[in-house]
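K.L.:
generate coordinates for the sequence data below:
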Amino acid sequence: MFNVFRRKPKRVLVLGLDCASPDLIFNQFKADLPTFSRLMSAGTWGELESSIPCITVPAWSSMLSSRDPGVLGVYGFRNRTDYSYKELGVANGDAIKVKRLWDYLPDKTSIILNVPQTFPARPLNGAMVTDFLTPNLDSAFTYPAALKTEVLRVVPEYAFDVKNFRTDDKERLLRDLYAMTDKQMKLVKHLLTVRDWDFFMHVNIGVDRVHHGFWRYHDPLHRLYTPGNPFEHVIRDYYKLMDTFAAELIAAAGDDTLILIVSDHGVARMDGGICINEWLWRNGWLTLKTPPPAGQITRFDDADIDWSQTKAWASGGYYGRVFLNVAGREPHGIIPAADYESVRHDLAAAIRSIPGDQGQPLNHQIYKPAEIYQQVNGIAPDLMVYFGELHWRAVGSFGHGQHFTLENDTGPDDANHAPQGMFILVDPSERGRGEVRGHQLMDIAPTLLTRMGIKPPAEMQGNMI
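P.N.:
The predicted model follows:
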């Protein structure tokens, strides 16, 4: 049911915090976050169920289009572009073929900064600076194109992300994280104050990077945690910075502005990785012509795979994407199409039983795309696997000598993602309802459109908050 407005907000301000944890904001750090606490007292807030997969790409696009990843045809940062076995393609903004929130606002001025999957910049009524997938400052990272001159005048060495955030050099990482954040905050505050706008949105990627880089120093349950370590409060301090940043933006926006603080997913400690391709190989689902020696880590794309004898392979990442080698679909497919479902069922059952490093059960969640999406566009994985309730990531390389590893093959990484993000909504036209439950990130776009006086289109899948 739509709200009966007492006074529609004149403007909408959205601060996205990639990977922000509901537990940290609502509980653990609450006393240190006066701005977020005040917003909670005045507004409506709660956990926000992420997309499946709960990954930056496609979660933000799912949130802002109110369409699930199957409709979007985006299943992660990298996706199959055809049925060959070649390396997966990166899903930047060109992969999104549906409208996002600002596309439904032709009569309102939008300023969109650092929202994932906006590179390359597309036309809109307003201004755009693209996201962390932007390759460099020479690329088409602004709309209009002339905005680039203003960006580089205000912030001459503007940064889209923290380079090489999977590193053992934590001092360097911390310096780079704050340098990037300072640059982005400077541009956000500049455009917020010098330009007219109706809808303003910025997504901070730093919360995600500080989790991946420093979670072991923060979480007593992490196997590598040491009490009293020099980085113990790095994550808390970064959240405090975001709280102060939010206060500055809110003060500049004015009292007649709807405020939304929102994350696309949460965070979970990483206990280790399941070497899914190594497990497939050792269990007869995948055949290597030349197996790599144990200890010689070999990327999947460099492995010598015998496709004529391979039934399944997988892609590593924060979740597992498993593909079947189907006759008539893949170039060297060997699974008869008539046997597809039975083979997929058997493989899912086998994966479900993969134990942890001590032989312990890990409670893997396994999804079949057609069962969880309204549509399945593009080329989806045949199975999508959350290993160990996302405390274990998927490792795609070979040479580990066993089906698990306690070291990430793409560099040091302390955290995975969790399915629960968060939101805090303060609407000047209504009294907040406090904590609410049961909302999913596709609820955000129709909620904001409605509060801006625009009827959400029928194709949106979300509900009202």
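K.L.:
hey, let's count contacts and neighbours off CA atoms from now on
P.N.:
Will do.
K.L.:
flag every buried residue along stretch 395-408.
P.N.:
For stretch 395-408, a neighbour-count test (16 or more other CA atoms under 10 Å) marks 395-401, 403-405, 407-408 as buried.
K.L.:
typo on my end, it should be stretch 156-163
P.N.:
The neighbour-count check on stretch 156-163 (16+ other CA under 10 Å) flags 158-162 as buried.
K.L.:
in helices, which of these appear?
P.N.:
Assignment to helices by DSSP state H places none of the buried residues of stretch 156-163 there.
K.L.:
you'd agree residue 229 is up against residue 219?
P.N.:
No: contact criterion CA atoms under 8 Å: residue 229 and residue 219 do not qualify, at 11.3 Å.
K.L.:
so these two - more neighbours on which side?
P.N.:
Legend: neighbour count by other CA atoms under 10 Å for residue 229 and residue 219, higher for residue 219 (18 against 11).
K.L.:
got the phi and psi for that one?
P.N.:
Per-residue torsions, residue 219: phi -100, psi 110 (degrees, to the nearest 10).
K.L.:
now do the contacts for the closest residue to it other than its chain neighbours.
P.N.:
The spatial neighbour of residue 219 that comes closest, neighbours along the chain excluded (CA to CA, 6 or more residues apart in numbering), is residue 225 at 6.4 Å. Applying CA atoms under 8 Å, 6 or more residues apart in numbering, we find residue 225 in contact with 216-219.
K.L.:
if we use 10 Å, what do you get?
P.N.:
215-219, 232 (CA atoms under 10 Å, 6 or more residues apart in numbering).
K.L.:
any idea which element it lies in?
P.N.:
Using DSSP states H and E, residue 225 sits within no helix or strand.
K.L.:
over to residue 227?
P.N.:
Short version, using DSSP H and E: residue 227 is in no helix or strand.
K.L.:
picking that back up, so which of the contacts of residue 225 wins on neighbours?
P.N.:
Result: residue 215 is most packed of the contacts of residue 225 (other CA under 10 Å), 27 neighbours.
K.L.:
how close does that one get to residue 61?
P.N.:
26 Å (CA to CA, to the nearest Å).
K.L.:
try residue 89
P.N.:
17 Å.
K.L.:
more neighbours: which of those two?
P.N.:
Neighbour count, other CA under 10 Å: between residue 89 and residue 61, residue 61 has more, with 29 against 12.
K.L.:
what is the mean pLDDT for the helix or strand harbouring that one?
P.N.:
Secondary structure assigned from DSSP H and E places residue 61 in helix 56-65. On average, the pLDDT along helix 56-65 is 98.
K.L.:
any idea how far that helix is from the chain center?
P.N.:
Taking CA atoms, centre = their mean, to the nearest Å, the mean C-alpha location of helix 56-65 is offset from the chain mean by 8 Å.
K.L.:
packing partners for it?
P.N.:
If you count contacts as 3 or more CA pairs under 10 Å, 6 or more residues apart in numbering; DSSP states H and E, helix 56-65 packs onto helix 69-72, helix 444-451.
K.L.:
in its sheet, what does the next helix or strand after the first one sit against?
P.N.:
When you say that, I think you mean helix 69-72. Of the helices and strands lying after helix 69-72 in sequence (DSSP H and E), the nearest is strand 78-79. Partners of strand 78-79 in the sheet, by DSSP bridges, are strand 89-90 (antiparallel).
K.L.:
from residue 304, how far off is residue 10?
P.N.:
For residue 10, the distance to residue 304 equals 60 Å [CA to CA].
K.L.:
cool, residue 170 as well?
P.N.:
For residue 170, the distance to residue 304 (CA to CA) stands at 36 Å.
K.L.:
next: residue 410.
P.N.:
Distance from residue 410 to residue 304, counting by CA to CA: 20 Å.
K.L.:
the domain parsing of this structure - what is it?
P.N.:
Using automatic domain parsing, the domain parsing of the chain gives 11-269+417-451, 272-412.
K.L.:
how about the ones you listed in TSV, adding distance to residue 457?
P.N.:
As requested, these are exported to TSV (distance: least, CA to CA, whole Å):
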stretch	distance to residue 457
domain 11-269+417-451	8
domain 272-412	16
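K.L.:
out of those domains, nearest to residue 465?
P.N.:
Set against residue 465 and scored by CA to CA, these come closest in domain 11-269+417-451, at 5.9 Å.
K.L.:
related to what we said a few turns ago, out of residue 10 and residue 304, which sits in the busier spot?
P.N.:
Using other CA under 10 Å as the criterion, residue 10 and residue 304 rank with residue 10 on top: 17 against 14.
K.L.:
ok, the more buried one touching residue 256?
P.N.:
Yes: counting by CA atoms under 10 Å, residue 10 touches residue 256, with 5.8 Å between them.
K.L.:
what's the overlap in contacts for those two?
P.N.:
Counting by CA under 10 Å, 6+ apart, the common neighbours of residue 10 and residue 256 are 428-429.
K.L.:
centroid-nearest residue for this protein?
P.N.:
Geometric centre of the chain, nearest residue: residue 56, 1.5 Å, by CA atoms, centre = their mean.
K.L.:
got a list of what that one touches?
P.N.:
18-19, 50, 62, 76-77, 115-117, 205, 208, 263-265, 417.
K.L.:
before we move on, what about residue 432?
P.N.:
Per CA under 10 Å, 6+ apart, neighbours of residue 432: 39-45, 424-426.
K.L.:
what subset of those is buried?
P.N.:
Buried members of the contacts of residue 432, scored by 16+ other CA under 10 Å, are 39-45, 424-426.
K.L.:
would you mind measuring from residue 120 to residue 143?
P.N.:
Counting by CA to CA - residue 120 and residue 143 are separated by 9 Å.
K.L.:
what do these two both touch?
P.N.:
Listed as contacting both residue 120 and residue 143 by CA under 10 Å, 6+ apart are 128-130.
K.L.:
which non-adjacent residue is nearest residue 440?
P.N.:
Using CA to CA, 6+ apart, the closest residue to residue 440 is residue 49 (4.4 Å).
K.L.:
and residue 340, by the same measure?
P.N.:
Leaving out its chain neighbours, the residue that sits closest to residue 340 by CA to CA, 6+ apart is residue 326, at 7.3 Å.
K.L.:
which residues does the one you found bridge with?
P.N.:
When assigned by DSSP bridges, residue 326 has beta-bridge partners residue 335.
K.L.:
that one: how many residues sit nearby?
P.N.:
Neighbours of residue 326 under the rule other CA under 10 Å: 21.
K.L.:
helices of this structure, residue ranges please.
P.N.:
For the chain, helices defined by DSSP H occupy the ranges 22-23, 34-42, 56-65, 69-72, 147-154, 170-194, 206-218, 234-253, 276-282, 340-352, 369-372, 444-451.
K.L.:
C-alpha coordinates for the third one, PDB please?
P.N.:
What follows is helix 56-65 as a C-alpha-only set of coordinates in PDB (Å, rounded to 0.1, in the frame of the first residue of the first chain):
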ATOM      1  CA  THR A  56      28.500  -5.800  -5.600                       C
ATOM      2  CA  VAL A  57      27.900  -6.800  -9.200                       C
ATOM      3  CA  PRO A  58      25.000  -7.400  -9.700                       C
ATOM      4  CA  ALA A  59      23.500  -6.300  -6.300                       C
ATOM      5  CA  TRP A  60      23.500  -2.600  -6.800                       C
ATOM      6  CA  SER A  61      22.000  -2.900 -10.200                       C
ATOM      7  CA  SER A  62      19.300  -5.200  -8.900                       C
ATOM      8  CA  MET A  63      18.500  -2.700  -6.100                       C
ATOM      9  CA  LEU A  64      18.200   0.200  -8.500                       C
ATOM     10  CA  SER A  65      16.300  -1.500 -11.200                       C
END
